[in-house]
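Trainee: Here you go, sequence then predicted model.
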Amino acid sequence: MVLVILFIVSTGFTRFNPLAAIIAQGEFWNFILTDFIPPYMGKWNALLQAVLQTLCMAVSATGIATVLSFLLSFLGTKTIVRSSLVNGLVRGFASILRNIPDLVWAFILVAAFGIGTVVGVMALIISNTGQLTRFFIETLDEAAEENMEGLLAAGASMPPVVFQAILPTALPGFVAWILYSVELNLRSSTILGMVGAGGIGLLLMGYIKQYNYAAASTAILAVAILIVAVNILTEYIRKIILR
């Protein structure tokens, strides 16, 4: 009942008419079947280059954000750095970075530096650093709860505890979050490209602005294949590392 009430209130506030959306399905599918299908299979060089740019944007942004987040996470966890001020500053900084959507960062960076893949990578690095810092801090806290108390009680100092107990335990969690970030960045880089951040998204937006919907459908198909392939690869890597 709560969900029904929220749905009614939300549709009334947004003036969304579900019935009109259902009636408009005929026009939607007519547009898809007429303009988007069949895909135009030309211009493979530009398409492959854009797909490669998108993949490189996601991987490079994840790599740089991983290094930054790894360093920040040590400062953000109270189990390693016992300073509430430092912990709070790091957590607050990460919260600001991750709560501002990467699309907003892309708009700001495009306005400052112009269009290009560099802008896309920078936007992904900023948002990913905030997300991964939070994930890494939580992973370190969980690992510390499992291993830290017993070792400290046995007389071990903090550096050996961190490098010989906490990090080895946290490593599978780190890897899982990194692979997850690659998948997210792959999707995000496509959207960022549509606002000028390069890659397949920029090519797709160009086709749409030219009303070349057949070529746009080919780009969409290429994005879908790329995302599925990366998901399969990361799942395979995750199973090997975490089993």
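Mentor: Looks like it arrived, so ask away. This structure is a prediction, so every number in the text was calculated from the model and none was measured.
Trainee: now Gly63: how far from Ser181?
Mentor: 10 Å (CB to CB, to the nearest Å). Heads up, the C-betas are built off the backbone N, CA and C, glycines and all.
Trainee: scratch that, Thr169
Mentor: Distance from Thr169 to Ser181, by CB to CB: 20 Å.
Trainee: The two: who's more crowded?
Mentor: Ser181 (25 against 18; other CB atoms under 10 Å).
Trainee: In contact with the spatially closest residue to Ser189 that is not a sequence neighbour, which residues are there?
Mentor: Closest residue to Ser189 apart from its sequence neighbours, by CB to CB, 6 or more residues apart in numbering: Met57 at 4.4 Å. Going by CB atoms under 8 Å, 6 or more residues apart in numbering, Met57 touches 117, 120-121, 124, 185, 189, 197-199.
Trainee: Residue ranges in the protein under the pLDDT threshold?
Mentor: For the chain, the stretches with pLDDT under 70 are 24, 41, 145-158, 160, 242-243.
Trainee: For it, give the helix that spans the most residues.
Mentor: Taking DSSP state H as the criterion, the chain has its longest helix at helix 117-153.
Trainee: Name the residues of it that come out as buried.
Mentor: By 16 or more other CB atoms under 10 Å, the buried positions in helix 117-153 come out as 117, 119-141, 143-144, 147-148, 151.
Trainee: All the helices of the protein, residue numbers only.
Mentor: Secondary structure of the chain (DSSP H): helices at 2-14, 18-23, 25-31, 44-76, 84-99, 102-113, 117-153, 158-161, 167-192, 200-209, 213-242.
Trainee: Of the ones you listed, which is nearest Pro38?
Mentor: Pro38 sits nearest to helix 213-242 of all the helices of the chain, at 6.9 Å, using CB to CB.
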